[in-house]
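K.L.:
Provided below for reference: sequence and predicted model.
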Amino acid sequence: LVDNEDYMFYKRISEIQTENFKYFCYSQDNIKEAEYRIKGIEFLREIYKYYQKYLTEHQMIDYSDMINMTYKNVIKEVKNKYPEMNYKYVIVDEYQDVNPSQKQLIDSIFGGDNIIKQTFGDSDQAIFQDGKSDFVVDNTTNSINDSCRFGEPIAKILQCSCVRAYDELSGNVNVSSFKPILIVFTNAQNVLPQFAEILRAKYLDDGESLASFAREMHNKDSEHRIFVKAVGFHIEAENESSLVIKSYFPNFERINKKVKIGEVHLSDYLTLNSKQDIKEYRTNLMNAILMALDASNIQNGDRKFSKTSLLNYLREKCGNKDIELKSKIAKWTKMLVGGEQQNVEDEIKKYLTDLISFFPNMFDTTARLEHFLSEGDERATKTDLRSANIYHDDQSGLDIEVATIHSVKGETHIATLYLETAYHRQTESQRFQSAFEGELFDKTGERNLKHCRGMYVGMSRPQYLLCCAIHKDHFLQMDKDNVKHNWD
């Protein structure tokens, strides 16, 4: 795989060539427009040829090559060995999020006449493909118009909150969902406490509060999942006054936060994982050495050292010191398996002093190296970030997770708070005011459709209670009588 530095480098090349391509294609000179288009295509072709040549020469692939290479190589072998797939039925869920390459892969494996393939999806929830999905509703499609998750009160809201006119959607008569609630605010940071107060005041048929029930389910769950969440569509503020998730919960961080070099310590590479095998231990140790060199600004010409280039350098310029490094990695691997993590860390630090001396004209003492070798682990893992994105209600002991709509796709919650956020200067209650007033969705335009699909995904998570936070200024623009039909 292309490492991160290469990936970012070529990503920037891609951005530059796209900017040039737009110039070629959208020149103000209409007379020469065709000529500019041709030049633009030729420019792209040359960049792409050079990029592919570089990847081939360095035995690398990029992320977009993965499925294509699987299709070309693996599928060919599978079809030669197993011309008749021994499956009668194949079911593909979440099909609205399948991209063309993935569809081709699925069709190649399970495209035989003897296989019955069923796909399940909802084009209103195609938030990962921006609606550009191969999931087509036609005369071969069977519609599912009733929900097993939520009751009729929530279904009524969703009838007006999806791209398609979906007035046939009905709720589960066996689920006693509460009438959805609008939380109207002037200060966004008061919304989560108010939501927690509502959860304490709402009681299920058996007399247990939603807050107590959610806490009980969390404690019983084997994965200790949180079943009450506050979700929003947009994270990045378009201006200082824009409503975003952080407006409600200032400490919010993305779950998929990238780990930077300055955030990683040597000890992170030595942390034991019961699922790792010996090869992975060796890989981690070599990567730790490479990271230390990079943190010291030691490079192989104008590039970072790789495993191969480092071993070659030590063999050719340092008197076969590559053998010493391989021997030490083998020793440290055995020590890690034996639980001697601290001893390994001490030995690596000592070895790095000797290793760095082989690069007298390159070494530069940096704060990054000191931080890398220091104690502690400041990396933000997914678990750490989820723990950080928690609002805790002291009165009930309930945890409420704050999350993005994309991160809760496919989940079922006991209660969901939908946080209105600004997307291209308009929040949901501004862009879809008529939907809150009980009218079916009738807007066009990609921004409207994308925003609506996100709102539909977020509002369709809860089983018992849906709340939506909207600003008072936006609420005052609505027809209150119409709003009250479906919302408290």
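P.N.:
Nice, I can see it. Predicted model, so just to flag it, every value in this text is computed and none were measured.
K.L.:
so where's the stretch 301-450 of the chain shaky on pLDDT?
P.N.:
360-367, 375-387 (pLDDT under 70).
K.L.:
which parts of the stretch 1-150 of the chain are helices?
P.N.:
Using DSSP state H, counting those that start in this stretch, the helices of the stretch 1-150 of the chain run over 4-25, 33-57, 65-69, 75-81, 100-109.
K.L.:
which of these has the lowest mean pLDDT?
P.N.:
When mean pLDDT is averaged over each of the helices of the stretch 1-150 of the chain, helix 4-25 scores lowest at a mean of 48.
K.L.:
which strand is the longest one in this protein?
P.N.:
strand 462-471 (DSSP state E).
K.L.:
so what strands line up beside it?
P.N.:
strand 181-185 (parallel), strand 413-419 (parallel) (DSSP bridges).
K.L.:
what comes up buried for stretch 469-478?
P.N.:
Neighbour-count burial for stretch 469-478, counted by 16 or more other C-beta atoms under 10 Å, picks out 469, 470, 471, 474, 475, 478. (Glycine included, C-beta is placed from N, CA and C.)
K.L.:
from those, pick the one nearest residue 329.
P.N.:
residue 469 (53.7 Å; C-beta to C-beta).
K.L.:
and that closest one, bridged to which residues?
P.N.:
residue 183, residue 419.
K.L.:
got a list of what it touches?
P.N.:
182, 183, 185, 188, 191, 195, 248, 417, 418, 419, 420 (C-beta atoms under 8 Å, 6 or more residues apart in numbering).
K.L.:
how much space separates it from residue 181?
P.N.:
10 Å (C-beta to C-beta, to the nearest Å).
K.L.:
also residue 368?
P.N.:
Counting by C-beta to C-beta - residue 368 and residue 181 are separated by 50 Å.
K.L.:
and stretch 144-158, what's buried?
P.N.:
By 16+ other C-beta under 10 Å, the buried positions in stretch 144-158 come out as 147, 149, 150, 151, 152, 153, 154, 155, 156, 157, 158.
K.L.:
could you do stretch 43-57 as well?
P.N.:
In stretch 43-57, counting by 16+ other C-beta under 10 Å, buried: 44, 47, 55.
K.L.:
mind putting these into CSV with distance to residue 488?
P.N.:
Putting the buried residues of stretch 43-57 into CSV (distance: C-beta to C-beta, whole Å) gives the following:
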residue, distance to residue 488
44, 55
47, 57
55, 58
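K.L.:
which residue packs closest to residue 330, ignoring adjacent ones?
P.N.:
residue 282 (7.6 Å; C-beta to C-beta, 6 or more residues apart in numbering).
K.L.:
pretty sure that neighbour sits against residue 334.
P.N.:
No - judged on C-beta atoms under 8 Å, residue 282 makes no contact with residue 334 at a distance of 10.4 Å.
K.L.:
buried residues in stretch 291-304?
P.N.:
Those would be 291, 292, 293, 294, 295, 296, 298, 300, 304, for stretch 291-304 by 16+ other C-beta under 10 Å.
K.L.:
which of those residues fall within helices?
P.N.:
Using DSSP state H, the subset of the buried residues of stretch 291-304 located in helices is 291, 292, 293, 294, 295.
K.L.:
circling back: need the CA coordinates for the helix or strand just after the longest strand of the chain. CSV is fine.
P.N.:
Next along the chain after strand 462-471, taking DSSP states H and E as the criterion, comes helix 472-475. Provided in CSV are the C-alpha atoms of helix 472-475 (Å, rounded to 0.1, in the frame of the first residue of the first chain):
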residue,chain,number,x,y,z
LYS,A,472,-36.0,29.6,18.9
ASP,A,473,-35.6,32.0,15.9
HIS,A,474,-36.3,29.2,13.5
PHE,A,475,-39.2,27.9,15.5
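K.L.:
next, the residue of the chain positioned farthest from its centre: secondary structure please.
P.N.:
Relative to the C-alpha centroid of the chain, counting by C-alpha atoms, centre = their mean, residue 319 is the outermost residue, at 46.5 Å. Per DSSP: H, G, I helix; E, B strand; the rest coil, the secondary structure class of residue 319 is coil.
K.L.:
which residue ranges of the protein form strands?
P.N.:
Taking DSSP E to define them, one finds strands in the chain at 89-92, 116-119, 181-185, 228-232, 390-393, 398-404, 413-419, 462-471.
K.L.:
quick one: average pLDDT of the fourth one?
P.N.:
Read that as strand 228-232. 95.
K.L.:
then the third one?
P.N.:
Averaged across strand 181-185, pLDDT comes to 96.
K.L.:
got a list of contacts for it?
P.N.:
So strand 181-185 is contacted by 191, 194-195, 198, 417, 436, 465-472, 475, 483, 487-488 (C-beta under 8 Å, 6+ apart).
K.L.:
state the distance from residue 455 to residue 61.
P.N.:
Residue 455 is 37 Å from residue 61, by C-beta to C-beta.
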